[in-house]
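Chemist: just coords:
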């Protein structure tokens with residue numbers, strides 16, 4: 001039986017060589033993400049600031065595979081939501 005992977009929505013913060021990215025999850029954990037084969041094969045560009053879906057293994061929660069890049073919407077900038085989460089969480 002295959003192990004269950006955790007799927008999170010995340011924000012790409014940094015870009016590294018060879019399809020590696022620093023990704024911030026919804027719960028503000030930082031993960032090293034790498035591009036899945038389908039994304040690489042279809043030449044989908046991922047840049048810092050993009051919202052992605054990432055699959056994290058329960059055995060190693062420091063790395064994950066980027067499996068989907070969300071479309072950018074013009075009506076509302078979702079990056080503002082992520083930044084406002086940081087401001088509200090840092091009231092400690």
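Modeler: Thanks, I have the structure now. It should be emphasised that the depicted structure is a prediction, and the values quoted were computed from it without experimental measurement. Residues are numbered from 1 along each chain as shown.

Chemist: for the helix or strand harbouring residue 15, list every residue counted as buried.
Modeler: In the assignment (DSSP states H and E), residue 15 maps to strand 6-16. Residues of strand 6-16 classed as buried by neighbour count (16 or more other C-beta atoms under 10 Å): 8, 10, 11, 12. In short, each C-beta sits where N, CA and C put it, glycine included.

Chemist: what does that strand contact?
Modeler: Here strand 6-16 makes contact (C-beta atoms under 8 Å, 6 or more residues apart in numbering) with 21-27, 30-31, 33, 46-58, 64, 67, 70, 79, 82.

Chemist: ok, back up a step: save the buried residues of strand 6-16 as JSON lines, and put in pLDDT and distance to residue 40 too.
Modeler: Output for these, formatted as JSON lines (pLDDT from 0 to 100; distance: C-beta to C-beta, whole Å):
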{"residue": "8", "pLDDT": "94", "distance to residue 40": "20"}
{"residue": "10", "pLDDT": "95", "distance to residue 40": "18"}
{"residue": "11", "pLDDT": "95", "distance to residue 40": "20"}
{"residue": "12", "pLDDT": "95", "distance to residue 40": "15"}
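
Chemist: of those, closest to residue 41?
Modeler: residue 12 (19.3 Å; C-beta to C-beta).
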